[in-house]
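Enquirer: Have a look at this prediction, sequence included:
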Amino acid sequence: MSDRTPTGQIPDALQQPLSRLPGILSEAMVERLLRCVHYEPVIGVMGKSGAGKSSLCNTLFSPPPASVDPVRGCTRHVHRYQVTRGTRTLHIADFPGIAETPEPDRQYRRLYRAWAPKLDLIVWALKADDRAWKDDLRCYRELLGEGAAPERFLFVLTQADKMEPCREWDNANHQPSPRQAKNLRAKTQLAATLFATVHPVIAVSAAENYHLELWAEALIKALPVSSSSAVFRHLNPDLRTEYVQETARERFVHATGDIFDEAVAAIQISGRLVRRLQRLRQRFLAVIRAVWHLLF
Ligand SMILES: Nc1nc2c(ncn2[C@@H]2O[C@H](COP(=O)(O)OP(=O)(O)OP(=O)(O)O)[C@@H](O)[C@H]2O)c(=O)[nH]1
Ligand SMILES: [Mg+2]
């Protein structure tokens, strides 16, 4: 997360509705809107070594930020990647996998705990064909014990194509067989129950491009409202579907409504002016909706 002072301009279309607000309110709105538009989110990706954390990052964001090693665990420190588009940056913290060997594992779990409060969202990768999630559960509970909020975690079942019976994967259509699909449903339900997840658990395959659009929707919905649009602009273009775009836009409109209400609450005004501002609020949010694509 960045506390840098925002720079940049508010689009012309917003100047007119802003000019109808009392000066002090309009200034506060511009300042807070720019802060929201230029916000640099940080997404952490955690889970066991080899779960497919780096591969998932590479399919989600453009350009692909992470390195992948087929044999040894290759993420030994937190790799901070910056995905930059224009003047905006998304930060990804790709964590070393837990449960590889005991000593680094203790260090890694300390690392997870130190980083957790700095992250907008923690994506937790669980490998679909992994039978034991004991280490994941222990580490997750440690983080909750340190005060991390459960809604900040988005669990994902990775490498869905390896789900048993893995030889049945439909390579032509990039889909699981009926038996794999049944097992994937059971496994996602199990993950949702064991980790008591706030957000839905979705089975994906980065290698097979399976359910990634669905998962991008879940990602945008799981992010704090004020950071979904900032993440949206860095998604791989294939994943920026109409629905994902609309979800990000509506969440930004919602965040702007909150900014408006907070700015109004901070100034001392008469009841008559409050009613006038309520009417302006609707129009202001309609303009925000219309110019969202210019902001992100
Ligand atoms: N079949 C299949 N293989 C995958 C998939 N995702 C990743 N892999 C492979 O699994 C191995 C591990 O993937 P990584 O993305 O490096 O896993 P990681 O969680 O970042 O691993 P560490 O950095 O060690 O923590 C690599 O050989 C990948 O090519 C997938 O969806 N399907
Ligand atoms: Mg990795």
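Expert: Perfect, I can see it now. Ligands and ions are numbered 1, 2, ... in the order given.

Enquirer: So what touches stretch 197-204?
Expert: With contacts defined as Cβ atoms under 8 Å, 6 or more residues apart in numbering, stretch 197-204 is touched by 56, 126, 128, 150-151, 153-158, 160, 163, 184, 187-189, 191-192, 195, 210-212, 214-215, 218, 221-222. Placement of C-beta: from N, CA and C, glycine included.

Enquirer: Intersect these with the contacts of ligand 1.
Expert: Contacts with ligand 1 within those, counted by Cβ under 6 Å from any ligand atom: Thr158.

Enquirer: Report the buried members of the contacts of stretch 197-204.
Expert: Buried residues within these, counting neighbours by 16 or more other Cβ atoms under 10 Å: 56, 126, 128, 153-158, 160, 163, 184, 187-188, 191-192, 195, 210-212, 214-215, 218, 221-222.

Enquirer: The one helix or strand in the chain whose mean pLDDT sits lowest near ligand 2 at all?
Expert: When each helix and strand of the chain is scored by mean pLDDT, DSSP states H and E, helix 102-115 comes last, with a mean of 76. No: using Cβ under 5 Å from the ion, helix 102-115 stays clear of ligand 2, coming no nearer than 11.8 Å.

Enquirer: Buried residues in that helix, which are they?
Expert: 104-105, 108-109, 111-113, 115.

Enquirer: Check which helices and strands it is in contact with.
Expert: Using 3 or more Cβ pairs under 8 Å, 6 or more residues apart in numbering; DSSP states H and E, the elements in contact with helix 102-115 are helix 134-145.

Enquirer: Can you name the element that comes right after the helix it packs on?
Expert: Sequence order places strand 153-158 as the next helix or strand after helix 134-145, per DSSP states H and E.

Enquirer: List the pairing partners of that following strand within its sheet, with orientation.
Expert: Each strand that pairs with strand 153-158, with its direction, by DSSP bridges: strand 121-127 (parallel), strand 202-203 (parallel).

Enquirer: quick one, which of these is nearest to ligand 2?
Expert: strand 121-127 (9.4 Å; Cβ to the ion).

Enquirer: contacting residues around that closest one?
Expert: Around strand 121-127, the neighbours that count as contacts under Cβ under 8 Å, 6+ apart are 41, 43-48, 50-53, 56, 116, 133, 136, 140, 143, 148, 152-159, 162, 191, 195, 201, 219, 222-224, 227.

Enquirer: angle of it against helix 102-115?
Expert: In terms of direction (axes from the mean of the first three to the mean of the last three Cα atoms, to 10 degrees), strand 121-127 departs from helix 102-115 by 150 degrees.

Enquirer: Does strand 121-127 reach ligand 2?
Expert: No: taking Cβ under 5 Å from the ion as the criterion, strand 121-127 and ligand 2 are apart, separated by no less than 9.4 Å.

Enquirer: Start at 7, not 1
Expert: Sounds good: first residue 7 from here, last item strand 127-133.

Enquirer: the inter-axis angle of that strand versus helix 140-151?
Expert: Strand 127-133 runs at 160 degrees relative to helix 140-151, counting by the same axes, to 10 degrees.

Enquirer: pLDDT on strand 127-133, on average?
Expert: Strand 127-133 comes out with an average pLDDT of 97.
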